[in-house]
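**Q** Have a look at this prediction, sequence included:
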Amino acid sequence: MTKNILEVKNLKMYYFASRGVVKAVDDLTFNIKKGEVLGLAGESGCGKSSLGFTLMGMPTPPGKIVGGSIKMEGRELVGLPEDVLRKEIRWQKIAMIFQGAMNALNPVYTVGYQMIEPLLYHMGMEREEALDKAQKYLELVGLAPDIVYRYPHELSGGMKQRVIIAMALLLEPELVIADEPTTALDVVVQAQIINLMKKLKKELGLSMIFITHDLSILAEISDRIAIMYAGKIVELGDSKKVYYEPAHPYTQKLLAAIPRLHEDVERLEFIPGQPPNLITPPTGCRFHPRCPYAMEVCREQIPELKEVDKDHYAACWLL
Amino acid sequence: MSEPVLKVEKLKKYFPIKRGLFEALTGHPERVVRAVDGINFEIRKQEVFALVGESGCGKSTTGKLIMKLWEPTDGSIYLEGQDVTELKTQEEIRDYRRKVQMIFQDPFSSMNPRFRIYDVLEEPLLIHGIGETRAEREEIIHKALEMVRITPPEDYVGRFPHQLSGGQRQRVAIARSLILNPTFIVADEPVSMLDVSIRAEILELMKELKEKMSVTYLYITHDMSTARYFADYMAIMYLGRIVEMGPAKVVIDNPIHPYTRALLAAVPEPIPERREIIKELPIKGEVPNAANIPPGCRFHPRCIYMEKGLCDVKHPQLIEYEHGHWVECHLAGKI
Ligand SMILES: Nc1ncnc2c1ncn2[C@@H]1O[C@H](COP(=O)(O)OP(=O)(O)OP(=O)(O)O)[C@@H](O)[C@H]1O
Ligand SMILES: Nc1ncnc2c1ncn2[C@@H]1O[C@H](COP(=O)(O)OP(=O)(O)O)[C@@H](O)[C@H]1O
Ligand code: SF4
Ligand code: SF4
Ligand SMILES: [Mg+2]
Ligand SMILES: [Mg+2]
């Protein structure tokens, strides 16, 4: 059995906003094995990016970790001082490809300049050496090494996303959190980027959390899948099991809502209503206002993740 | 066969690119972006025609030309037999705007944030002088909201757009597009910004209203799967041209043009067994700039079947490959 590289237990991260407390990451427990891709899916606002930032040890203000544990290769990260996180963990152990980062590249600096900055700063590398390393990683992601001399506006969307991926890999992290890395891209480029991520997983033995709201993309890459709803993981397990025998009503409905390319679907299912706000989420099971099977107990008590099969868990009172 | 509701003939839209001072001084010829470069298609009553392609291929430009938001560089558009480009007087144009409506991708930016939902829906009624009294207009507005399942309407008419969810906003946008009883709707990526669970609801709703209100749709999308689900016919666009066109299922199940094949190969599918394989994408490079369209077949630099001396010099014609299935490729049927 391969070792867990990341172990997350009862993790909670809340935003203490003036409107109230937003419970964006609320009691999450999951593990990731070495070399494994965990796909994380859920609707807009359910807390996917918030979880990513939390694992990086940098929840966006006014967010704070209020409970739980994050263990990276056995080492507890919750409570570590910021300078230790910065020197030893962030980018070196866990890196993140931020949602929309390709559009946030600085237009006034060359790609190379933006890439080597962390190498000079973190690793105290010489300029030449850092530039060499940047070029090596550009090649790894399928770009010409002389891209280091180009400016972001000279690159296509696909090329920019590859630069962002190369940047995340520069300090040789064990785990990469990829937050919607293909969302704004056209379908051909999207497929090329997914191919690249698969290649990196294989060649570098990289572990990954792949975040997307698109369940079709998720299936293309994930070994295991976590489905999030309103700040909680409602289903978790082996990707084949989650796709073929979804146990949670929310997962079942989501899968029935996607049109298939080569199948005739008479009617698509949809989920009436909308996801709740996370300041005053519904009591009990947070899905109960939209769930066709909701019972008395669902309104009153929070269902915990239960094992429904080997490596397959769901949080629902029906189980 | 019934007459088409909408017919587009040899439609072109070129946008001039501003020359730099140096270029202007040296008498550099003015360059253009050929956003739409000679396309033809017809849509019959109560049918959905999907225009599919990657960003920048000219889909929205086509939609805006049909909406008469822009004038074409060349070509014609006929609505129920009438040449739309000939409409000149204010009255003619207003009448046309009543018959042809648009639904946009971003339900938020398509609504005045300072308008309450009531005002959003009353505006078109006022412009077109529909409903004599406020009470009459209110009744029409409530009916329209009920039709898109924003119920009870009383709870929503007083709200501002930001007080609705994305799906609700898009349903209000649909109500607004239907309130004038249009003949034709241009829906430009109407579900791309919505979550899956809500996306299906909007598509279902548009489908249902098609029957109820007997509207005809141009459905603009980059998503093949929703096109298959929602559309009867589909056209694949590449750099301003339609390269393949036919019944949606035929195009998807039996694609002939190399570009269509590449697009289809790239579509992600919810099949977890595929995760081990690196997908072969039968296409090279990236979409060139629309200001710099390659000679011959404009797809040739990316085509894996490209035949030198033919594809790179001669422009292929759109031919009827099989009944109702059109393809613009020199090698159609041979590859
Ligand atoms: N800095 C912040 N302050 C207060 N609330 C926040 C902050 N950032 C996010 N939130 C809230 O936390 C919740 C989760 O947001 P998050 O960005 O993690 O969602 P997401 O799942 O990544 O969504 P998307 O798919 O749209 O990217 C949302 O309700 C959001 O409004
Ligand atoms: N107002 C405009 N001025 C100049 N160029 C434009 C304008 N609108 C669109 N274009 C160009 O026309 C081409 C087609 O654009 P568009 O119709 O918006 O594509 P799509 O909707 O398929 O993404 C693109 O190259 C785009 O940059
Ligand atoms: S716990 Fe109850 S409300 Fe929640 S998903 Fe299960 S049946 Fe539905
Ligand atoms: S005409 Fe030639 S280059 Fe163009 S798509 Fe057909 S085979 Fe490819
Ligand atoms: Mg996010
Ligand atoms: Mg567009």
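**A** On my side now, so go ahead. Computed from a predicted structure; not experimentally measured. Ligands and ions are numbered 1, 2, ... in the order given.

**Q** pLDDT score for residue B:23?
**A** For residue B:23, the pLDDT comes out at 67.

**Q** and if you look at the one 3 residues further on?
**A** According to the model's per-residue confidence, residue B:26 sits at a pLDDT of 72.

**Q** what does residue A:118 give?
**A** 81.

**Q** Quick check: the gap between it and residue A:96.
**A** Counting by CB to CB, to the nearest Å, the gap from residue A:118 to residue A:96 is 13 Å. For the C-beta atoms, the positions are set from N, CA and C on the backbone; glycine is no exception.

**Q** Who has more neighbours out of those two?
**A** Neighbour totals were compared for residue A:118 and residue A:96, and residue A:96 leads with 23 against 17 (other CB atoms under 10 Å in any protein chain shown).

**Q** residue contacts, that one?
**A** A:52, A:53, A:55, A:56, A:168, A:176, A:177, A:178, A:179 (CB atoms under 8 Å, 6 or more residues apart in numbering or on different chains).

**Q** Which element, helix or strand, includes it?
**A** Here residue A:96, judged by DSSP states H and E, is contained in strand A:94-97.

**Q** Can that strand be said to contact ligand 1?
**A** No - Strand A:94-97 is not in contact with ligand 1 by CB under 6 Å from any ligand atom; minimum separation 12.2 Å.

**Q** and the residue of chain B nearest ligand 5?
**A** Residue nearest to ligand 5 within chain B (CB to the ion): residue B:195, separated by 11.9 Å.

**Q** By mean pLDDT, point me to the weakest helix or strand of the chain.
**A** With no chain named, the answer covers chain A. Within chain A, confidence by mean pLDDT, DSSP states H and E is lowest for helix A:111-123 among all helices and strands, at a mean of 88.

**Q** Switch to chain B, please.
**A** Ranked by mean pLDDT, DSSP H and E, the helix or strand of chain B with the weakest confidence is helix B:21-25, at a mean of 68.

**Q** Next SSE downstream of it?
**A** Trace forward from helix B:21-25 with DSSP H and E and the next one is strand B:31-44.

**Q** Just the mean pLDDT for the helix or strand following that following strand, thanks.
**A** Next helix or strand after strand B:31-44 toward the C-terminus (DSSP H and E): strand B:48-52. For strand B:48-52, the mean pLDDT works out to 98.

**Q** now swap in stretch A:219-231 and tell me
**A** On average, stretch A:219-231 scores 96.

**Q** What of stretch A:82-92?
**A** Here stretch A:82-92 scores 93 as its mean pLDDT.

**Q** Could you tell me how many residues sit around residue A:249?
**A** By other CB under 10 Å, the residues close to residue A:249 number 22.

**Q** Ok, residue A:108 next?
**A** By other CB under 10 Å, 8 other residues sit near residue A:108.

**Q** what's the closest non-adjacent residue to it?
**A** Once flanking residues are discounted, residue A:108 sits nearest to residue A:151: 7.9 Å by CB to CB, 6 or more residues apart in numbering or on different chains.

**Q** if I pick that neighbour, what's in contact with it?
**A** A:107, A:108, A:109, A:110, A:111.

**Q** and it, backbone torsions?
**A** Here is the backbone geometry of residue A:151 (degrees, to the nearest 10): phi -100, psi 150.

**Q** State the distance from it to ligand 3.
**A** As for residue A:151, its distance to ligand 3 is 50 Å (criterion: CB to the nearest ligand atom, to the nearest Å).

**Q** which SSE is the residue nearest the centre of chain B in?
**A** Nearest to the geometric centre of chain B sits residue B:220, at 2.6 Å (CA atoms, centre = their mean). Residue B:220 is part of strand B:216-221, with elements assigned from DSSP H and E.

**Q** How about the next helix-or-strand element following that strand and ligand 2, any contact?
**A** Counting by DSSP H and E, the element after strand B:216-221 in chain order, helix or strand, is helix B:224-230. No - using CB under 6 Å from any ligand atom, helix B:224-230 never reaches ligand 2; the gap is at least 13.7 Å.

**Q** What ranges does the stretch 201-335 of chain B have for its helices?
**A** Under the criterion DSSP state H, counting those that start in this stretch, the stretch 201-335 of chain B contains helices at B:224-230, B:248-253, B:258-266.

**Q** try the stretch 51-200 of chain B
**A** Along the stretch 51-200 of chain B, the stretches classed as helices by DSSP H, counting those that start in this stretch are B:59-66, B:90-99, B:117-127, B:134-147, B:166-178, B:196-213.

**Q** Ligand 1 contacts on the stretch 1-150 of chain A?
**A** Contact residues (CB under 6 Å from any ligand atom) of the stretch 1-150 of chain A with ligand 1: A:15, A:17, A:22, A:24, A:42, A:44-50, A:60, A:62-63, A:99.

**Q** Just the buried ones from those, in ChimeraX syntax?
**A** Here is the ChimeraX selection string for the buried members of those, based on 16 or more other CB atoms under 10 Å in any protein chain shown:
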select /A:15,22,24,42,45,46,47,48,49,50,63,99
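
**Q** Give me the subset of the residues of the stretch 1-150 of chain A next to ligand 1 lying in strands.
**A** Among these, DSSP state E puts A:15, A:17, A:22, A:24, A:63 in strands.

**Q** Kindly state the pLDDT recorded for residue B:279?
**A** For residue B:279, pLDDT reads 87.

**Q** Can you name every helix or strand that whichever helix or strand residue A:233 is part of contacts?
**A** Residue A:233 belongs to strand A:232-238 when assigned by DSSP H and E. Applying 3 or more CB pairs under 8 Å, 6 or more residues apart in numbering or on different chains; DSSP states H and E, one finds that strand A:232-238 contacts strand A:20-33, strand A:224-229, helix A:249-256, strand A:312-314.
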